[in-house]
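*Asks:* kindly generate the corresponding structure for this input.
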Amino acid sequence: MPLDHRRVRGPEESQPPELWAGVPAQQQEEEDEDGAAPRDPYALRPLFARAGLLSQAEGSAYVELSGGTKVLCAAWGPREAAEPGAPAPAGGGRLLCEFRRAPFAGRGARCRPGSAAEREAEREAAAALREALEPAVRLARYPRARLAVSALLLQDGGSALAAAISGAALALADAGVEMYDLAVGCALCRAPGPDGAWLLQPGEAEERRAASRLTLALLPALNQVSAVLGGGEGGPPDAWAQAVRLGLDGCHRLYPVLRHSLLRAARRRGADTGTATGTGTA
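*Replies:* Residues are numbered from 1 along each chain as shown. Now for the predicted structure:
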């Protein structure tokens, strides 16, 4: 009988993968959460950012938070969006935002990949991303134009939307888009209970147990808040005011890291251009 080379032949005998698992996934998560050392609620998780990674996009950035959050962002534009001869929109250009989760993004996926709930969550995150970025982009300088930015969540370790805001702003700046300032995102969550404290940049397990969540976007050079997104169980107004102050402080502390990443990308691009020019003239 001829072999079908288009089909991958599996083994004749197979066993369920549960037999090789040392500890069930749910039990492993509980052990990790219980055995985790308490951390300073005002401490920021170390952040790594790098701009100019993707050659297929006009601007790109990669942001990673200690604990597992990894976001890859890309930006394109400005590109003409209106027909020639049509009047320019009164508000200038348009900013299109997309947020997607990789199927393998979460260890314990919050919703089934590809489900209606997953798509709805991605649409809400994209709308929040646009709300945070629009005040930072000088859309009036791009009439009849369209700017696009896409954020892909590779791994969800908590504070994913805040990392996407910072990465998307970095990608737009790397693409040469005129901006008032970089939008910096910082997330917080409040532990359940009447005496629950706010935590800066919570992890995925902390977000899952949280009674309230808050994501703040700030333009540090202008000292202007571009978005405040949050919800959860109600608390005293002083507690929410304290959370906003903590978020503002966190954004100011993250700002130098993003600026340094953008400067490094500009220096690399300048060095590459200089090398190519020198090679061509020789």
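*Asks:* which SSE is the residue nearest in space to the middle of the chain in?
*Replies:* The C-alpha lying nearest the average C-alpha coordinate of the chain belongs to residue 164 (Cα atoms, centre = their mean; 1.4 Å). In this structure, residue 164 sits in helix 160-174 according to DSSP states H and E.
*Asks:* same question, residue 76
*Replies:* If you go by DSSP H and E, residue 76 is part of strand 69-80.
*Asks:* the very next helix or strand once past that strand - contacts with which helices or strands?
*Replies:* Following strand 69-80 in sequence order, the next helix or strand is strand 94-101 (DSSP H and E). Secondary-structure packing of strand 94-101 (3 or more Cβ pairs under 8 Å, 6 or more residues apart in numbering; DSSP states H and E): helix 116-133, strand 145-155. Bear in mind the C-beta positions are built from the backbone N, C-alpha and C, glycine included.
*Asks:* one step back: so what touches the strand holding residue 76?
*Replies:* For strand 69-80, the external contacting residues (Cβ atoms under 8 Å, 6 or more residues apart in numbering) are 53-54, 56-64, 93, 142, 144-160, 163-164, 167-168, 170-172, 174-175, 177.
*Asks:* list the contacts for residue 169?
*Replies:* With Cβ under 8 Å, 6+ apart, residue 169 has these contacts: 133, 136, 179, 182, 183, 184, 258.
*Asks:* same thing but at 6 Å, please
*Replies:* Neighbouring residues of residue 169 by Cβ atoms under 6 Å, 6 or more residues apart in numbering: 182, 183.
*Asks:* burial count for residue 124?
*Replies:* Residue 124: 13 surrounding residues under other Cβ atoms under 10 Å.
*Asks:* what's the answer for residue 116, then?
*Replies:* The burial count for residue 116: 9, using other Cβ under 10 Å.
*Asks:* same deal with residue 138?
*Replies:* Neighbours around residue 138, by other Cβ under 10 Å: 12.
*Asks:* skipping its backbone neighbours, what lies nearest it in space?
*Replies:* Nearest non-adjacent residue to residue 138, counting by Cβ to Cβ, 6 or more residues apart in numbering: residue 178, 4.4 Å away.
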